[in-house]
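**Student:** Output the structure for:
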Amino acid sequence: MPAAASVWVALGSNLSDPRSQVERGFEALAALPQTRLRARSRLYRTRPWGVVDQPDFVNAAARLETTLAPRELLDALLAAEARAGRVRGARNGPRVLDLDLLLYGDRVVGEPGLVLPHPRLHERAFVLLPLADIAADVEVPGRGRVAELLARVDVSGCTVLD
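**Tutor:** Numbering: from 1, shown residues only. Modelled structure (predicted):
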């Protein structure tokens, strides 16, 4: 069996009780085969990004250890989204549950449908803020440490939920 890799996943929702959807997202991550949920961030309420005429999001991040290959893990995340009722529509539009594979150790991957590290994670406060809760010192290949990236983005649209 291959050694377990540390991976980081972003969670988000702005439909059908978003806070509950993100909590169920953590449960879905914990239930993935060959995978353990090792850390979870706080929950954040964030303004929409890209398509702004939609409800606010609840966002979070998780650290997993998995022996699944990157493509297998991505497929498992997409299946978990579908089980939650996600229907893929407009890019950056509303969603019941979004599970984005951000980092898979220090691997750099560029395949159709799978790019690691996530190509826009360094631009997005709603990803970096929760990620910094659990991975501030983690290096994003080609970009720098999470804490350094967070210092470069506007976090004014993000607040911690109680």
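
**Student:** so Glu81 is in which element?
**Tutor:** Using DSSP states H and E, the secondary-structure element containing Glu81 is helix 70-83.

**Student:** which of the residues in that helix are buried?
**Tutor:** Of the residues in helix 70-83, those with enough neighbours to count as buried (16 or more other Cβ atoms under 10 Å) are Pro70, Leu73, Leu74, Ala76, Leu77, Ala80, Glu81. Using the backbone N, CA and C atoms, a C-beta is placed for each residue, glycine as well.

**Student:** so where's the protein uncertain?
**Tutor:** Regions of the chain meeting the criterion pLDDT under 70 cover residues 1, 88-93.

**Student:** got the end-to-end distance for stretch 65-73?
**Tutor:** Criterion Cα to Cα, to the nearest Å; first-to-last residue distance in stretch 65-73 is 11 Å.

**Student:** List of residues touching it?
**Tutor:** Taking contacts as Cβ atoms under 8 Å, 6 or more residues apart in numbering, the residues outside stretch 65-73 that touch it are 1-7, 32-36, 38, 76, 101, 104, 107, 109, 111, 114, 116.

**Student:** List only buried entries from the residues you listed.
**Tutor:** Buried among the contacts of stretch 65-73 by 16+ other Cβ under 10 Å: Ala4, Ala5, Ser6, Val7, Leu32, Thr35, Ala76, Leu101, Tyr104, Leu116.
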